[in-house]
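Visitor: only the shape, not the letters, is given here:
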């Protein structure tokens with residue numbers, strides 16, 4: 001009877017931990033899309049490609065340190081798939097992560113749309129795109145489907161490979177967020193003129209649902225290409241990098257145990273009555 005109670009308690013704890021991770025992923029993806037797509041839609045004509053690129057990179061950088069220790073801060077189905085294929089993420093949580101990421105992206109896109117509609121003259125997601133991704137006539141600079149597909153595969157490869165390397169057990173502790181945030185900025189600097197930069201199926205899904213038209217018809221590319229890029233990154237990572245100890249992204253983004261102890265001790269010292 002006691003063993004049954006222990007197992008039930010452990011199962012309840014595991015379910016609670018999983019829900020915390022899913023909620024963290026939803027919140028993190030919400031912030032990424034709100035920050036990045038919001039910058040493109042609401043301020044793109046003022047800050048340009050460079051500003052939008054930094055908006056995406058800084059949003060991700062902030063979230064790595066905010067939710068990274070909870071969920072690993074994937075905020076991207078392609079990253080979750082790449083980490084799973086590399087053995088750094090439990091496949092049991094893949095569906096929950098992807099659903100949470102998509103929900104976060106959709107809610108964020110809706111919030112951006114509501115804000116944009118408050119502008120003088122209103123805003124039409126169908127006519128103006130809501131920062132959606134596309135190729136051909138839907139590409140910012142008119143790039144064709146082949147170039148767009150190759151761009152998304154290659155840039156997602158770069159993103160996922162960076163995530164895998166930055167969260168390696170031998171990587172410098174505490175700097176994963178900097179590397180990941182900067183590489184997402186670089187990726188957007190390259191990709192915005194071509195596809196408006198996806199490298200993230202959830203990020204593409206959110207705006208496409210409200211923009212409709214070409215954004216929705218071309219959405220397949222911004223699901224398949226990032227997943228292929230993630231698969232290639234995982235294969236290369238496994239080929240060139242075989243650490244003696246494999247750790248998850250969430251573990252890699254935690255503070256060191258001694259750092260956590262110092263914070264706790266410091267907090268007690270501050271709170272201790274004089």
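Guide: Yep, it's here. What you see is a predicted model, and the numbers here were worked out from it, not measured in a lab.

Visitor: state the pLDDT value of the most centrally placed residue in the chain.
Guide: Central residue of the chain (CA atoms, centre = their mean): residue 75, 2.9 Å from the mean position. What the model reports as pLDDT for residue 75 is 98.

Visitor: which ones are touching it?
Guide: For residue 75, the contacting residues are 25, 28-29, 31-32, 60, 63, 101, 104, 200, 202, by CB atoms under 8 Å, 6 or more residues apart in numbering. For glycine as for every other residue, the C-beta is placed from the backbone atoms N, C-alpha and C.

Visitor: what's the closest of these to residue 93?
Guide: Using CB to CB, the shortest approach to residue 93 within the contacts of residue 75 belongs to residue 25, at 9.4 Å.

Visitor: can you name the next helix or strand after the helix or strand containing that closest one?
Guide: Per DSSP states H and E: residue 25 is located in helix 2-71. For helix 2-71, the following helix or strand on the C-terminal side (DSSP H and E) is helix 77-85.

Visitor: where are the low-confidence patches of the stretch 101-250 of the chain?
Guide: 243-250 (pLDDT under 70).

Visitor: going along the chain, name the helices of it.
Guide: 125-128, 145-166, 176-195, 201-211, 213-217, 221-240, 249-252 (DSSP state H, counting those that start in this stretch).

Visitor: just the buried residues of the fifth one, please?
Guide: By 16 or more other CB atoms under 10 Å, the buried positions in helix 213-217 come out as 214-216.

Visitor: re earlier: what mean pLDDT does the helix holding residue 25 get?
Guide: 87.

Visitor: show me what that helix packs onto, helices and strands only.
Guide: Using 3 or more CB pairs under 8 Å, 6 or more residues apart in numbering; DSSP states H and E, the elements in contact with helix 2-71 are helix 94-116, helix 176-195, helix 201-211, helix 249-252.

Visitor: mind checking which of the ones you listed is nearest residue 146?
Guide: helix 176-195 (11.1 Å).

Visitor: list the helices and strands the closest one packs on?
Guide: helix 2-71, helix 145-166.

Visitor: which of the ones you listed sits most buried?
Guide: Most buried of these by mean neighbour count (mean count of other CB atoms under 10 Å) is helix 145-166; its value is a mean of 22.

Visitor: and it, how far out from the chain's middle?
Guide: 13 Å (CA atoms, centre = their mean, to the nearest Å).

Visitor: would you mind getting the angle between it and helix 221-240?
Guide: Helix 145-166 and helix 221-240 are oriented at 40 degrees to each other (axes from the mean of the first three to the mean of the last three CA atoms, to 10 degrees).

Visitor: would you turn the contacts of residue 75 into TSV with distance to residue 194?
Guide: Formatted as TSV, the contacts of residue 75 follow (distance: CB to CB, whole Å):
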residue	distance to residue 194
25	27
28	25
29	23
31	25
32	20
60	20
63	25
101	23
104	25
200	15
202	20
